[in-house]
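**Q** Sharing a model that was predicted from the sequence below.
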Amino acid sequence: MPYFDAASAAPLHPVARQALLAALDEGWADPARLHREGRRARLLLDAAREAAAETVGCRPDELVFTPSGTHAVHSGVSGALAGRRRVGDRLVVSAVEHSSVLHAGEAHAAAGGTVTEVPVGRTGAVDPETFAAELRGPDGGAGAGAAGSGVALACLQSANHEVGTEQPVAEVAEACRAAGVPLLVDAAQSLGWGPVPGGWSLLAASAHKWGGPAGVGFLAVRKGVRFAPQGPSDERESGRAPGFENLPAVVAAAASLRAVRAEAAAEGARLRALVDRIRARVPELVPDVEVVGDPVRRLPHLVTFSCLYVDGETLLSELDREGFSVSSGSSCTSSTLTPSHVLRAMGVLSEGNVRVSLPAGTTEADVDRFLAVLPGVVSGVRDRLGTGAPVPDGGEDLVVDALGKRCPLPVIELAKVIGTVRVGGTVTVLADDEAARLDIPAWCEMRAQEYVGATPSPRGGHAYVVRRLS
């Protein structure tokens, strides 16, 4: 059955499987030892490092293998911040970075540092000029200004993991160079599709994103970057990833990266055409849908859309029953009941969110069957939630009490009553669900109604005011 969640973890590439099995037989010894088995393991490790570095675009002695992509990010952020602590304590990141970057930022802030989040537009991309402005110190100087006031590190993903939007890495890297600030790029989602534009200082990636085995990450640190590894270290991986290397997995990760890169041009063009079909057809087949992310500057295999009046958890479960494995950034599928930080930063609809990320080998027939199944699944979920039809118009201003009701019920309640108020009248929705802050304005934009604004409610949550325009 179709697996459409490659952005979370891609199926193991055949080359990765072959390399893994071969390395299990040949690479089990300690590569730090001088005996025959150790030397053989060292040759495998060195060959894997050279292959990975060539594909990444760095020197072999600039790249280390880590236990995961998250570990690579955490090590990269903490090491760069520590290495440049005399410059300042500011960390600049985009608002849509992977949680590993944001968690590293939280740890930095908890230790007394400063974290600045650069906002994004509705497509999910940062504006390079806005990012450049944040690289300046509080006095407007360059990032390498007075001690304690400068920017120690900037972080920008190469492409977003939830909506696929590619970031202007080259432009931001140039701004970082001009400001004297190193740039760490989280390249986990894009590295299998092509090289990251030059100018970065540090790069992190994760093998399971491109069809390598889980449990292997890459961290590249350019020569000349001030870097001080944090925590206990040993002689392995230049002290940046202590512990015995998982050599079979490392060999498989490097081999699979080289293999997927060789296939990337042809497979990327093929998957882009399938994603274009999904982007075009879903709004035609399903009413009240918002396709999010940049339509052009994006990863070739990923598309995200959100459906009004749909419980995300139920939607994903129903698609799974139909044989489609997808993921979601919707608050309706989250144990915390808060919307995805990516969708929140973009200011787009969060309810009923579906991320489709196609693995290599996905067929046109798989996509056609998904498009055939989706309208009925969405309709069925909407029917069970009781979206109903709006009541005919003519009433006065209304207040809808949706306190205690979770996504997507506040928007459903709004949709049911908007037709009962006069044109020019208002509906005030009382809601304490975090997703309502995004979903009610998004509903207004999609339904051509006016979102007036929100104020705190004495009973908790907020009062969201909507004016009927038609």
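**A** Noted; the coordinates are in hand. Numbering: from 1, shown residues only.

**Q** List the residues that contact residue 411.
**A** Residue 411 makes contacts with 308-309, 351, 436, 439-440, 443, as judged by CB atoms under 8 Å, 6 or more residues apart in numbering. (Each C-beta comes from the backbone N, C-alpha and C, glycine too.)

**Q** Kindly recompute the last result at 10 Å.
**A** Going by CB atoms under 10 Å, 6 or more residues apart in numbering, residue 411 touches 288, 308-310, 349, 351-352, 387, 402, 405, 429, 431, 433, 435-436, 439-440, 442-444, 447, 464.

**Q** Distance-wise, check it relative to residue 447.
**A** Distance, residue 411 to residue 447, by CB to CB, to the nearest Å: 10 Å.

**Q** And residue 159, by the same measure?
**A** Applying CB to CB to residue 159 and residue 447 gives a distance of 31 Å.

**Q** Show me which of these two is the more surrounded one.
**A** residue 159 (27 against 17; other CB atoms under 10 Å).

**Q** Show me which of the contacts of residue 411 are buried.
**A** With burial judged by 16 or more other CB atoms under 10 Å, the buried subset of the contacts of residue 411 is 288, 308-310, 349, 351-352, 387, 402, 405, 429, 431, 433, 435-436, 439-440, 442-444, 447, 464.

**Q** now, which of those residues lie within strands?
**A** Using DSSP state E, the subset of those located in strands is 429, 431, 464.

**Q** Make JSON lines out of those residues and add distance to residue 35.
**A** Converted to JSON lines, those look like this (distance: CB to CB, whole Å):
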{"residue": "429", "distance to residue 35": "72"}
{"residue": "431", "distance to residue 35": "67"}
{"residue": "464", "distance to residue 35": "70"}
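
**Q** and which of those is nearest residue 358?
**A** Nearest to residue 358 among these, counting by CB to CB, is residue 431 at 35.3 Å.

**Q** what separates that closest one from residue 328, distance-wise?
**A** From residue 431 to residue 328 the distance is 20 Å (CB to CB).

**Q** what do you get for residue 207?
**A** Taking CB to CB, one finds residue 207 at 24 Å from residue 328.

**Q** Name the secondary structure element that contains the nearest residue to residue 278 once chain neighbours are set aside.
**A** Leaving aside its sequence neighbours, residue 278 sits nearest to residue 303 (CB to CB, 6 or more residues apart in numbering; 5.1 Å). Using DSSP states H and E, residue 303 sits in strand 302-307.

**Q** for residue 373, same thing?
**A** helix 364-385.

**Q** Measure how that helix sits relative to strand 302-307, angle-wise.
**A** 20 degrees (axes from the mean of the first three to the mean of the last three CA atoms, to 10 degrees).

**Q** and helix 364-385, what does it pack onto?
**A** helix 247-285, strand 302-307, helix 312-321, strand 353-357, helix 409-417 (3 or more CB pairs under 10 Å, 6 or more residues apart in numbering; DSSP states H and E).

**Q** Phi, psi for residue 433 please.
**A** phi -80, psi 130 (degrees, to the nearest 10).

**Q** what's the spacing between it and residue 29?
**A** 56 Å.

**Q** now do residue 9
**A** From residue 9 across to residue 29, the span is 29 Å (CB to CB).

**Q** what does residue 397 give?
**A** For residue 397 relative to residue 29 (CB to CB), the value is 77 Å.

**Q** Comparing these two, which shows the higher neighbour count?
**A** Shown here are residue 397 and residue 29; by other CB under 10 Å, residue 29 has more neighbours (17 against 14).

**Q** can you pull the contacts of the residue nearest to residue 440 when sequence neighbours are not counted?
**A** In space, residue 440 comes closest to residue 464 once its chain neighbours are excluded; the distance is 4.7 Å by CB to CB, 6+ apart. Taking CB under 10 Å, 6+ apart as the criterion, residue 464 is in contact with 400, 402, 410-411, 414, 427-431, 436-437, 439-441, 443-444, 451-455, 457.

**Q** Okay, now the unreliable bits of the stretch 201-350 of the chain?
**A** Counting by pLDDT under 70, the stretch 201-350 of the chain contains low-confidence ranges at 330-337.

**Q** Report pLDDT for the residue nearest to the spatial centre of the chain.
**A** The structure's the chain has its C-alpha centroid closest to residue 161; by CA atoms, centre = their mean the separation is 2.7 Å. With respect to pLDDT, residue 161 scores 95.
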